[in-house]
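Asker: got a sequence here, can you build the structure:
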Amino acid sequence: MKKIFISFLSLMVIFVLAACSDKADPVNSNVKSKKEDSLTLQEVFEKTTEASKNLKSVHSDLELKQTMSVPGQSDNMNINSTVSVDMVLDPIAMHQKMKMNIEGGDASVQGQAMDTEAYLSKEGIFMFEPTSGVWMQLPKELSDTVLQMPEQQMNPAEQLNQLKEFADDFSFKQDDAQYILSLKASGDKFDQFLKDNAKQLMPDQLKENEELFNNLKFKNVEYEIFIDKKTFDITKLN
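Answerer: Next comes the predicted model:
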């Protein structure tokens, strides 16, 4: 099961591989010339992937801002979320808490605030449904999808091959303590790339929902990944 989380880390870091021959540009004048400062993106990725194999547990705090356009409604729906996640890797188990606020959109949802909580284990995914105040177990097919990620998600080489077309969107910098890896991408090609990857992680009945994907649009995406120079642990992801 540890491969699941390693694959997750790979998916975040894999974006830097398309420019794997570049070396990091210093972001300030205090960076000294050291052997580790001249690592290429390829070398940083390999060391980060190797370091991730020793992880036994992880904690992450996320802030998400989403804008959704709903067919038939003139106003966009803005969803602001904060997420706290604790995960144990072997055997895999996860606890997640999320606070979500909705602005705009239909009058029936404007101003709504929602707190949700979820657990993942080999027994399945269990989620607290705040509107009814009860716990529910999500369909087994969904938990099986999460616990048995496609082989393609385990293969960094295949992911790299998919991302070659976005090489011009990468940048690679560093300061005294960390490598800073950035990606800015937009356009129809990247929109389709994200949709294709989303489909791989969805249950079969959702994959067949063409209306869902026709109404889904990724206009742009920005990643900023901070990696500790000494440990090669990912310390922050924006």
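Asker: helices of this protein, start to end?
Answerer: With DSSP state H as the criterion, the chain has helices at 2-13, 41-52, 140-147, 156-163, 188-200, 204-207, 210-214.
Asker: let me see the mean pLDDT of the fifth one.
Answerer: In other words, helix 188-200. In this model, helix 188-200 has a mean pLDDT of 71.
Asker: same thing with the fourth one?
Answerer: Computed over helix 156-163, the mean pLDDT rounds to 47.
Asker: give me the distance between Leu237 and Leu64.
Answerer: 12 Å (C-beta to C-beta, to the nearest Å). Backbone N, C-alpha and C define where each C-beta goes, glycine included.
Asker: which of these two has more residues huddled nearby?
Answerer: More crowded of Leu237 and Leu64, by other C-beta atoms under 10 Å: Leu237, with 15 against 11.
Asker: what pairs with the more buried one across the strands?
Answerer: Taking DSSP bridges as the rule, Leu237 bridges to Ile225.
Asker: before we move on, what about Asp61?
Answerer: On the basis of DSSP bridges, Asp61 is bridged to Ser84.
Asker: so it sits against Gln96, correct?
Answerer: No: taking C-beta atoms under 8 Å as the definition, Asp61 is not a contact partner of Gln96, at 11.1 Å.
Asker: which ones are touching Met94?
Answerer: The contact partners of Met94, taken as C-beta atoms under 8 Å, 6 or more residues apart in numbering, are Val85, Asp86, Met87, Val88, Ala118, Tyr119, Leu120, Ser121.
Asker: looking at those residues, which one is closest to Glu46?
Answerer: Distance ranking of these against Glu46, using C-beta to C-beta, places Met87 first at 23.2 Å.
Asker: next, find the distance separating that closest one from Gln96.
Answerer: Taking C-beta to C-beta, one finds Met87 at 9 Å from Gln96.
Asker: contact partners of stretch 118-126?
Answerer: The set of residues external to stretch 118-126 that reach it, using C-beta under 8 Å, 6+ apart, is 91-96, 98, 127-128, 135-138, 140, 142-143, 146-147.
Asker: counting neighbours, which of those residues end up buried?
Answerer: Buried members of those, scored by 16 or more other C-beta atoms under 10 Å, are Ile92, Ala93, Met94, Gln96, Met98, Met127, Leu142, Ser143.
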